[in-house]
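[1] Got a sequence here, can you build the structure:
(2 chains)
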Number of protein chains: 2
Amino acid sequence: MINRTAFFISDGTGITAGALGKLLEHFPSTHFKQVRLPFTNTLEKIRLAQEAIALATEEDGGRPVVIMTLGDIALRNSLKQCNAYFIDLFNTFIDPLGLELDQKPLTGAGIAHSVMGSSYNERMEAINFTLNHDDGMTNNGLEEAEVILVGVSRCGKTPTSVYLAMQFGVKAANYPLIPEDFERGTLPAVLHKHLGKIFGLTIKAERLHAVRNERRAGSFYASLDNCRQEIATAENLMRTAGITWADSTSRSVEELSAIILEKMRHPAISK
Amino acid sequence: MINRTAFFISDGTGITAGALGKLLEHFPSTHFKQVRLPFTNTLEKIRLAQEAIALATEEDGGRPVVIMTLGDIALRNSLKQCNAYFIDLFNTFIDPLGLELDQKPLTGAGIAHSVMGSSYNERMEAINFTLNHDDGMTNNGLEEAEVILVGVSRCGKTPTSVYLAMQFGVKAANYPLIPEDFERGTLPAVLHKHLGKIFGLTIKAERLHAVRNERRAGSFYASLDNCRQEIATAENLMRTAGITWADSTSRSVEELSAIILEKMRHPAISK
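    Sure thing, here's the model as predicted:
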């Protein structure tokens, strides 16, 4: 395993540069220590960044990868006066895209300009909706939900709902399947009229057992036998109701969200 | 205002490519319609993408911007056989970074490989913690909190907490400042021993009035006078307690989170 430090250096929040951290996952035999330096907007801060870069080079025995968004050309050139592998989003993306669009790019941090836009408000509204409709908390306003996730307790419904809301502005309710539903053998009555927007999550019994055991060690609820039983019954119930589902065991919330949006052909995919 | 379509085409979830959508905000005089095409992993799906690109060119009167991550070289080259402005993350980032690291990049979607990693579990744990400690819901486990946000009701504490948890794996509790606190003139007693991790949010009275009015139109709670009064008292209280605060009125949750992490010098900035 090789060690390298990855710096994300930005004159703003560093959110865009930071998102590119995912690209580092294409190199699993390198261990990246990730360092974020937001609001690097003065020469003094550039100097501090350069010191940190020099120190990391010494510690790792290899030069750092620097992913940077700096609008100011003087700051940009100044930072590059040190030994690192630079990925400069202005040079590679923003300036060339400006030529394509025949427009001069804003040089400040881009994101601040969209705060009050409708999509931002939509996201905030979706988060509030999702938190208010977590874990079957209320049946009021389910008509407004764009997606309703169902599945056994602790199979990943909440983080997936929150991600859908935060990232895509999707109003995502979630509803646990519980022993009463299994005995009755049907979905909760309140969900019957919303079949078109229900998506199921399932999980491997061993994983559910481990997750539940962290909370309620040694309980019947957490036992491997009960987990197996609940999952089998829930999957049967979903199959009967014709609900599409995905296995959350080895998928991130990002992947689950993308699968759900594609399946629901949700307009968040295109907006 | 010029219209252009921005396609995000990926063989995986498209999360990384999608994050680059923020770069488009550097061009405020172009209106971008954003279209995500995740799981584009067959020649048939490439053909569908090309049709969508051709249609968009016709509708917009200008060629689309295509931000793409396709690991497979045949799919990559095939997609490029149409008229668009291509930003190819493999060509520009991943392949050159592989030369720097002297490693062959994984060609599949990167993100799937990190699902079960410790940082993923930390994020999930942080989300659960944050939801359980939303709106002063419980005082149990506040020692575990890494950040505690305070401020008047509806000033943005919840979405900011959720973003800190989701994006950075930070356990963020939040606590509303309410009339009892204002009368007493001090923070709730339970917070006294956690001063070092408290961060304040404030908001402009006009904005708070508008936000509260959406929920409780015409109430005393939502009235501009009461909003002004609450905000002034809350700011006084935070000033007396020596709490740093930020104004959420014209900042996104992304910006607020970056400000909070920098102020708290939280290790999430470097991990």
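[2] can you give me the strands for chain A?
    For chain A, the strands defined by DSSP state E cover A:2-10, A:30-37, A:65-69, A:85-88, A:147-152, A:172-177, A:198-202, A:245-247.
[3] For those, give me a markdown table that also has mean pLDDT.
    A markdown table is the format used below for the strands of chain A (pLDDT from 0 to 100):
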| stretch | mean pLDDT |
| --- | --- |
| strand A:2-10 | 94 |
| strand A:30-37 | 92 |
| strand A:65-69 | 95 |
| strand A:85-88 | 95 |
| strand A:147-152 | 97 |
| strand A:172-177 | 95 |
| strand A:198-202 | 97 |
| strand A:245-247 | 96 |
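[4] a markdown table for the ones you listed, including distance to A:Cys227 and mean neighbour count?
    (Glycine included, C-beta is placed from N, CA and C.) Formatted as a markdown table, those follow (distance: least, CB to CB, whole Å; neighbours: other CB atoms under 10 Å in any protein chain shown):
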| stretch | distance to A:Cys227 | mean neighbour count |
| --- | --- | --- |
| strand A:2-10 | 38 | 22 |
| strand A:30-37 | 34 | 19 |
| strand A:65-69 | 42 | 26 |
| strand A:85-88 | 44 | 19 |
| strand A:147-152 | 8 | 26 |
| strand A:172-177 | 13 | 26 |
| strand A:198-202 | 11 | 23 |
| strand A:245-247 | 14 | 19 |
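[5] nearest to A:Leu131, of those strands?
    strand A:172-177 (10.3 Å; CB to CB).
[6] Which elements pack onto the closest one?
    Counting contacts by 3 or more CB pairs under 8 Å, 6 or more residues apart in numbering or on different chains; DSSP states H and E, strand A:172-177 packs against helix A:118-132, strand A:147-152, helix A:157-168, helix A:224-241.
[7] export these to CSV and tack on distance to chain B?
    CSV is the format used below for those (distance: least, CB to the nearest CB, whole Å):
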stretch, distance to chain B
helix A:118-132, 5
strand A:147-152, 15
helix A:157-168, 5
helix A:224-241, 18
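[8] Nearest to B:Asp11, out of the ones you listed?
    For these, proximity to B:Asp11 was assessed by CB to CB; helix A:157-168 is nearest, at 19.3 Å.
[9] how about the residue of chain A found nearest chain B, what does it touch?
    Taking CB to the nearest CB, chain B has its nearest neighbour within chain A at A:Ala19, 3.1 Å off. By CB atoms under 8 Å, 6 or more residues apart in numbering or on different chains, A:Ala19 lies in contact with B:Ile15, B:Thr16, B:Ala19, B:Leu20, B:Lys22.
[10] Count the neighbours of the closest residue in space to A:Tyr163 that isn't next to it in sequence for me.
    Once flanking residues are discounted, A:Tyr163 sits nearest to A:Val253: 4.3 Å by CB to CB, 6 or more residues apart in numbering or on different chains. By the criterion of other CB atoms under 10 Å in any protein chain shown, A:Val253 has 24 neighbours.
[11] Just give me the closest of the contacts of A:Ala19 to B:Leu201.
    Taking those together and measuring to B:Leu201 by CB to CB, the closest member is B:Lys22, at 22.8 Å.
[12] Please name the spatially closest residue to that closest one (chain neighbours excluded).
    A:Thr16 (4.4 Å).
[13] do the same with A:Pro176
    A:Ser153 (5.0 Å).
[14] How about the backbone phi and psi for the one you found?
    phi -60, psi 130 (degrees, to the nearest 10).
[15] A:Thr130 versus A:Thr160, what's the distance?
    For A:Thr160, the distance to A:Thr130 (CB to CB, to the nearest Å) stands at 10 Å.
[16] who has more neighbours, the two?
    Shown here are A:Thr160 and A:Thr130; by other CB under 10 Å, A:Thr160 has more neighbours (28 against 24).
[17] I'd guessed the more buried one sits against A:Leu201; true?
    Yes - at 6.8 Å, A:Thr160 counts as touching A:Leu201 under the criterion of CB atoms under 8 Å.
[18] which neighbours do those two share?
    Listed contacts common to A:Thr160 and A:Leu201 are A:Leu149, A:Ser248, A:Leu256; contacts here mean CB under 8 Å, 6+ apart.
[19] Could you give the number of residues near the second one?
    When neighbours are defined as other CB under 10 Å, A:Ser248 has 23 of them.
[20] Give me the phi and psi for it.
    Dihedral angles (degrees, to the nearest 10) for A:Ser248: phi -90, psi 0.
[21] residues touching it, list them.
    Contacts of A:Ser248 (CB under 8 Å, 6+ apart): A:Gly151, A:Cys155, A:Gly156, A:Thr160, A:Leu201, A:Thr202, A:Ile203, A:Leu256.
[22] Show the pLDDT at the fourth one.
    We note a pLDDT of 95 for A:Thr160 in this prediction.
[23] Please tell me how far it sits from B:Thr130.
    Distance, A:Thr160 to B:Thr130, using CB to CB: 15 Å.
[24] same check, this time on the last one
    Separation of A:Leu256 from B:Thr130 (CB to CB): 19 Å.
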